[in-house]
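Generate coordinates for the sequence data below:
(one chain, ligands or ions: 3)
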Amino acid sequence: MNLTTKDSKAALTSTDLLVVLGLENSRLSLPTGVKVPALSTQSFKGEFREARLTDAIGGAAQRVLKIGLGKAADTDMERLRRAAAIAVKKAEKVRARSVVIWCAAAIEKAAGGAEACGQALAEGALMGAYVCDAYKSDAKPPYLKKTTLVGSGARFKKGAARGTAIGEANCFARSLQDAPGNLMRPRDMAMSARKVAGRSARITCKVLDEKAMAKLGMGSLLSVSRGSSEPAYLIHLTYKPTKKPSKKLCLVGKGLTFDAGGISIKPSAKMDEMKYDMSGGAAVLGVFHALAKLSPTAEVHGIVATSENLPDGKANKPGDIVTAMNGTTIEVLNTDAEGRLILADALAYAAKKVKPDATVDLATLTGAVVVALGHELSGVMGNDEKLQDALVESGQRTGELVWRLPLLDCHKTHVKGNFADLRNINSGQGAGSTAGAAFLSHFVGDMKWAHLDIAGAAWGVDDRDYQGGAKGTGVGVRLLTDWIG
Ligand code: BES
Ligand code: ZN
Ligand code: ZN
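Numbers count the residues shown, from 1 in each chain. Ligands and ions are numbered 1, 2, ... in the order given. All right, here's what the predicted structure looks like:
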């Protein structure tokens, strides 16, 4: 979909569908010249998500769709995202080829200014238009080709440009997530990373194969891929700003393109969902997709450890002992706790080779986080209070909500091994999500680090108009682009 902006002072261009956003208890203003039957305006209350479609009786639009945002005090970026998503979905339904979303100054004010408004509308329109029909033989191209966002001046335009980069990146991450495991293998993740790097001269991509990883001593990561005929890769993307970087940040993603559990095999019900076990990796690639356009002042590294976890003659067996890149030995007591095994080496690599000012990993690490927080929030744990709080704040701004979970010294002790330094599960103390984070904490060295468990938020979330249901959410892209700044 082609998305552009226009200043509200300019005359309205002719369009199949004009969308006007309205606040509750305030008079709905229409662009000059547009006329609709009186009754359709009188009966519109402007309640949040109220939508009223009517044929226009004059002006540059064929039809007019009014969408309510609710009270001015409750209007925020999230409501605008949802309204924009409702707009493009309705446009597609009525087979409109073009839609104009018209935003009055009062709405920009209510939503935190023209820039925030432009960003939210662009994000919502792009995310709302996301479909995954690449694998349907009768897929048809969308009717809606052109979306124009109308708002005030340069700030609105600037916000919309940011929202476009982020919205497109979210859809890119979702398309990686929704791809089936046989078409999104570790090698396909690596190829996608190379393509992302190709979008900007400031992004480079290095892909370490199994030989290179063996040379670095990544025995933990390699023990997971040994159970599959598909080789593992460690993807390392680097974004460098044009000027001297303000700081160095690192993102690390779990890229398990399919997790059958290995020898500790999972039950077959819903096992298909384990194609989503690469959602952390998809988010990292998504962030770099956006970075090509956003040009932040920080240097950003993105590391994705990508592998399959399958049972095979060479697969990890419960009780096996492997050695990670930092020399730590690990008893693999449950082969289904494989995410932490590959992240152990990815984090040790970041600590040794990147030495960032702060590192955030994203992983669909534990079913336990779904029990604790459900699907509408991600859990955050780590070794730095400020970093975790900053992620919670980014969550509030973006709607990708984050909730803090504990990580104490006792939890780190719970994963000490009997035969090796560590064990990859605790010995029955509960706190499953914290146990995963506690294990990872032994590989971060002296990095400031936060771990996001996105196992709930990556798919299967509530309907929010721009996302929801069985499909992937691209969680992490909006959160981390906000955090990077
Ligand atoms: N990929 C799973 C976690 C997961 C489960 C994500 C369900 C989303 C939905 C992870 O590799 C795993 O299997 N974790 C185990 C850990 C356990 C063996 C300590 C789990 O959560 O059951
Ligand atoms: Zn697993
Ligand atoms: Zn997994």
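
Report how many residues lie close to Lys93.
Per other C-beta atoms under 10 Å, the neighbour tally for Lys93 reads 11. (Glycine included, C-beta is placed from N, CA and C.)

for it, phi and psi?
Backbone geometry at Lys93, expressed as degrees, to the nearest 10, gives phi -60, psi -40.

swap in Met77?
phi -60, psi -40.

looking at it, it is touching Gly112, isn't it?
Yes - using C-beta atoms under 8 Å, Met77 makes contact with Gly112 at a distance of 6.7 Å.

Looking at the two, which has the bigger crowd around it?
Met77 (21 against 17).

Using the three-state scheme, assign whatever residue of the stretch 101-250 of the chain ends up closest to ligand 2.
Nearest residue of the stretch 101-250 of the chain to ligand 2 (C-beta to the ion) works out as Val224 at 9.4 Å. Counting by DSSP: H, G, I helix; E, B strand; the rest coil, the backbone at Val224 sits in helix.

Hmm, Pro311 and it touching each other?
No - Val224 is beyond contact range of Pro311, at 11.7 Å (criterion: C-beta under 8 Å).

Please enumerate the shared neighbours of those two.
Applying C-beta atoms under 8 Å, 6 or more residues apart in numbering, one finds that Val224 and Pro311 are jointly contacted by Gly262.

In terms of neighbours, single out the busier of the two.
Val224 (28 against 17).

what residues are up against that one?
Contacts of Val224 (C-beta under 8 Å, 6+ apart): Ala232, Gly262, Ser307, Asn309, Asn316, Glu338, Leu341, Ile342.

who wins for neighbours among these?
Ser307 (34 neighbours).

tell me the average confidence for the helix or strand harbouring that residue?
Ser307 is part of strand 299-309, with elements assigned from DSSP states H and E. Averaging pLDDT along strand 299-309 yields 99.

try stretch 246-265
Mean per-residue pLDDT for stretch 246-265: 98.

End to end on that stretch, go ahead and measure it.
45 Å (C-alpha to C-alpha, to the nearest Å).

Kindly report the same for stretch 202-213.
Start-to-end, stretch 202-213 (C-alpha to C-alpha) is 25 Å.

now stretch 321-331
Note: stretch 321-331 ends 4 Å apart using C-alpha to C-alpha.

Please apply the same query to stretch 128-139.
18 Å.

and it, what's its mean pLDDT?
On average, stretch 128-139 scores 97.

Give me every residue in the stretch 151-300 of the chain lying close to ligand 1.
For the stretch 151-300 of the chain, the residues in contact with ligand 1 (C-beta under 6 Å from any ligand atom) are Asp259, Asp277.

Any residues of the stretch 151-300 of the chain in contact with ligand 3? List them.
Leu256, Asp259, Asp277 (C-beta under 5 Å from the ion).

who's in contact with Gly163?
For Gly163, the contacting residues are Gly118, Gln119, Ala120, Leu121, Ala122, Glu123, Leu126, by C-beta under 8 Å, 6+ apart.

filter the residues of the stretch 151-300 of the chain next to ligand 3 by proximity to ligand 2?
Checking those against ligand 2 (C-beta under 5 Å from the ion), the matches are Asp259.

quick one, strands of the stretch 101-250 of the chain?
With strands called from DSSP state E, counting those that start in this stretch, the stretch 101-250 of the chain shows them at 146-151, 203-208, 233-239, 248-259.

Figure out which of these is closest to Glu393.
Closest approach to Glu393 among the strands of the stretch 101-250 of the chain (C-beta to C-beta): strand 248-259, 15.8 Å.

The helix or strand following the closest one near ligand 2 at all?
Once strand 248-259 ends, the next helix or strand along the chain (criterion: DSSP H and E) is helix 279-294. No - judged by C-beta under 5 Å from the ion, helix 279-294 makes no contact with ligand 2; its nearest approach is 12.8 Å.

and helix 279-294, how far from the chain's centre?
In terms of C-alpha atoms, centre = their mean, to the nearest Å, the centre of helix 279-294 is found 8 Å from the chain centre.

any idea of the mean pLDDT for it?
98.

what angle do it and strand 203-208 make?
150 degrees (axes from the mean of the first three to the mean of the last three C-alpha atoms, to 10 degrees).

residue contacts, the residue lying closest to Asp74 once chain neighbours are set aside?
Nearest residue to Asp74, sequence neighbours excluded (C-beta to C-beta, 6 or more residues apart in numbering): Phe48, at 7.1 Å. For Phe48, the contacting residues are Glu24, Gly68, Leu69, Gly70, Asp74, Arg79, by C-beta under 8 Å, 6+ apart.

Filter these down to the buried ones and hand me the ChimeraX line.
Remark: buried members of the contacts of Phe48, expressed as a ChimeraX selection using 16 or more other C-beta atoms under 10 Å:
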select :24,68,69,70,79
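
and which of the contacts of Phe48 is nearest to Glu108?
Among the contacts of Phe48, Leu69 lies closest to Glu108 (C-beta to C-beta), at 11.5 Å.

To what extent is the closest residue to Pro406 other than its chain neighbours buried, counted in neighbours?
Spatial nearest neighbour of Pro406, excluding adjacent residues (C-beta to C-beta, 6+ apart): Thr434 at 5.9 Å. A count of nearby residues for Thr434, using other C-beta under 10 Å, gives 27.

gap between the host helix or strand of Thr434 and the chain center?
If you go by DSSP H and E, Thr434 is part of helix 432-441. Relative to its chain's centre, helix 432-441 lies at 22 Å (C-alpha atoms, centre = their mean).

Tell me what angle it forms with strand 248-259.
Using the same axes, to 10 degrees: helix 432-441 against strand 248-259 is 120 degrees.

buried residues in the helix or strand following helix 432-441?
Using DSSP H and E, the helix or strand that follows helix 432-441 towards the C-terminus is strand 449-453. By neighbour count on 16+ other C-beta under 10 Å, the buried set for strand 449-453 is Trp449, Ala450, His451, Leu452, Asp453.

before we move on, back to that, so which of the contacts of Gly163 wins on neighbours?
Neighbour-wise, those (other C-beta under 10 Å) top out at Leu121, 36 neighbours.

I'd say that one and Ile101 touch.
Yes - using C-beta under 8 Å, Leu121 makes contact with Ile101 at a distance of 5.9 Å.

Overlap in contacts, the two.
When contacts are counted by C-beta under 8 Å, 6+ apart, Leu121 and Ile101 have Ala84, Leu149 as shared neighbours.

OK, now which residue of the stretch 1-150 of the chain is nearest to ligand 1?
Cys132 (19.0 Å; C-beta to the nearest ligand atom).
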